[in-house]
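Q: just coords:
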């Protein structure tokens, strides 16, 4: 089963990352000033992860596929790593759909 990790970044902001059961990072958040914003972001990922239309499939400047998960208001709530292929990116999306709904939360702050 996957897990969300809440942690502080170098600027002291709260962030979360979703890890698959194998420990691989599959989604990372923006920085939040308050922990409550971070936990709301986690709930938004849980809520929106099952809706395929919420995934924005993108390509970086160097051609690597990646995706953003967006909330119903269009705000990005999580960004994936860079992938080597579109099929690997689709596997990443499938992993978020599988892991996010029931992932535990590990507060590292």
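A: Right, received. Where do you want to start? Just so you know, these numbers come straight off a predicted model, no measurement behind them.
Q: in this protein, which spans are strands?
A: Remark: strands assigned in the chain by DSSP state E are 3-8, 14-19, 25-28, 55-59, 65-70, 76-79, 104-107.
Q: pLDDT wise, what is the most far-flung residue of the chain relative to its centre at?
A: Here the centre of the chain is the reference, and by Cα atoms, centre = their mean the most remote residue is residue 62, at 21.3 Å. At residue 62, the pLDDT value in this model is 94.
Q: Next one: it from residue 82, what distance?
A: Using Cβ to Cβ, to the nearest Å, residue 62 is found at 8 Å from residue 82. (Glycine included, C-beta is placed from N, CA and C.)
Q: Export the strands of the chain to a markdown table and append columns for mean pLDDT.
A: Converted to a markdown table, the strands of the chain look like this (pLDDT from 0 to 100):
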| stretch | mean pLDDT |
| --- | --- |
| strand 3-8 | 97 |
| strand 14-19 | 97 |
| strand 25-28 | 96 |
| strand 55-59 | 98 |
| strand 65-70 | 98 |
| strand 76-79 | 96 |
| strand 104-107 | 96 |
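Q: would you list the ones you listed in TSV and tack on mean neighbour count and distance to residue 96?
A: Shown next, in TSV, are those (neighbours: other Cβ atoms under 10 Å; distance: least, Cβ to Cβ, whole Å):
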stretch	mean neighbour count	distance to residue 96
strand 3-8	18	11
strand 14-19	21	6
strand 25-28	19	6
strand 55-59	15	8
strand 65-70	19	7
strand 76-79	20	8
strand 104-107	12	15
